[in-house]
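Undergrad: here you go, sequence then predicted model.
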Amino acid sequence: MDWLQTSAENCTVRRTLDIVGEKWTLLILRDTVNGVRRFDDLRRHIGVSETILADRLRKLVGAGILERRPYREPGRRTRWEYRVTPRGWELWPVLIALMQWGDRYTADPEGPPLNATHHGCGAPLRAVVECAQGHGPLGPREAEVQPGPSARPFQEAAADLPVH
C-alpha cells in the first residue's frame, strides 16, 4: 500500500495538530516549559488576547498537556496557574526542533534570541531522529514508512468525484 492509497483521516500527525498545531498554542507551550505559569504573565509575554489564551489553555488542559493549579496572593482571590504535565513534556523535543530550524533559517543576523544548552557541558541542544535501537542521527533516506495496524484504505468522498 503506497501513501496515496492510505487514508489520512485517522493520521496521528493530523490529530496532534488538532491539539497543538495553532501558533498561539505552541507559544503557550513554549512559555510554560520555560516557567511562565500565570494567565496574565502568559498574555503579556506572548501578546495574545484573553479570549484566545483562555480557549487555548482550556484545550491544552483538556488534552492533558497542561494542568491547572490554584494559587492565591495575600489579600486576593484564588487564581490559576498552568503547569506542564508529563504528557506535555513529551512535546519538548518538538519545541527544540522548531527552535533549531528557526535558529538556522529565521534568526536575526546577530543570531538567535535564546541559546538552549546542555546543563552538564554547555553544548547547544539539537533535535535528532534515531531508531529505538539507538542508531542515529538518521536522515529521511534512512527511514521508511509502512502502514500501521490502524491504516485504512483511502476512499474519495463522493463530493470529490468528477461529474460525467
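TA: That came in fine, so what should we check first?

Undergrad: going forward, measure contacts and count neighbours with C-alpha atoms only.
TA: Noted.

Undergrad: who's in contact with P153?
TA: Q5, T6, S7 (CA atoms under 8 Å, 6 or more residues apart in numbering).

Undergrad: take these and lay them out in CSV including neighbour count and pLDDT.
TA: Output for these, formatted as CSV (neighbours: other CA atoms under 10 Å; pLDDT from 0 to 100):
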residue, neighbour count, pLDDT
Q5, 12, 81
T6, 16, 81
S7, 15, 80
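
Undergrad: mind listing what's buried along stretch 10-20?
TA: Buried residues in stretch 10-20, counted by 16 or more other CA atoms under 10 Å: I19, V20.

Undergrad: and the contacts of that stretch?
TA: A8, L26, K59, L60, A63, A151.

Undergrad: switch those residues over to a markdown table; also include distance to D108.
TA: As requested, those are exported to a markdown table (distance: CA to CA, whole Å):
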| residue | distance to D108 |
| --- | --- |
| A8 | 37 |
| L26 | 21 |
| K59 | 32 |
| L60 | 30 |
| A63 | 34 |
| A151 | 42 |
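
Undergrad: most neighbours, which of those residues?
TA: Compared across the contacts of stretch 10-20, L60 has the highest neighbour count, 21 neighbours, by other CA atoms under 10 Å.

Undergrad: setting aside sequence neighbours, what's the nearest residue to that one?
TA: With sequence-adjacent residues excluded and distances taken as CA to CA, 6 or more residues apart in numbering, L60 is closest to L66, at 5.5 Å.

Undergrad: picking up where we left off before, which ones among the contacts of P153 map onto strands?
TA: Counting by DSSP state E, the contacts of P153 place none of their members in strands.

Undergrad: quick one: which of the residues you listed sit in helices?
TA: Assigned to helices by DSSP state H, none of the contacts of P153 qualify.

Undergrad: between the residues you listed, which sits nearest E144?
TA: Comparing the contacts of P153 against E144 with CA to CA places T6 closest, at 14.9 Å.

Undergrad: hang on, isn't that closest one packed against F154?
TA: Yes. Checked against CA atoms under 8 Å, the pair T6 and F154 is within contact range at 4.7 Å.

Undergrad: one step back: mind picking the two most distant members of the contacts of stretch 10-20?
TA: L26 and A151 (28.1 Å).

Undergrad: Serialize the contacts of stretch 10-20 to CSV and add fields for distance to T106 and pLDDT.
TA: Shown next, in CSV, are those (distance: CA to CA, whole Å; pLDDT from 0 to 100):
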residue, distance to T106, pLDDT
A8, 30, 80
L26, 17, 97
K59, 28, 97
L60, 27, 98
A63, 30, 98
A151, 36, 80
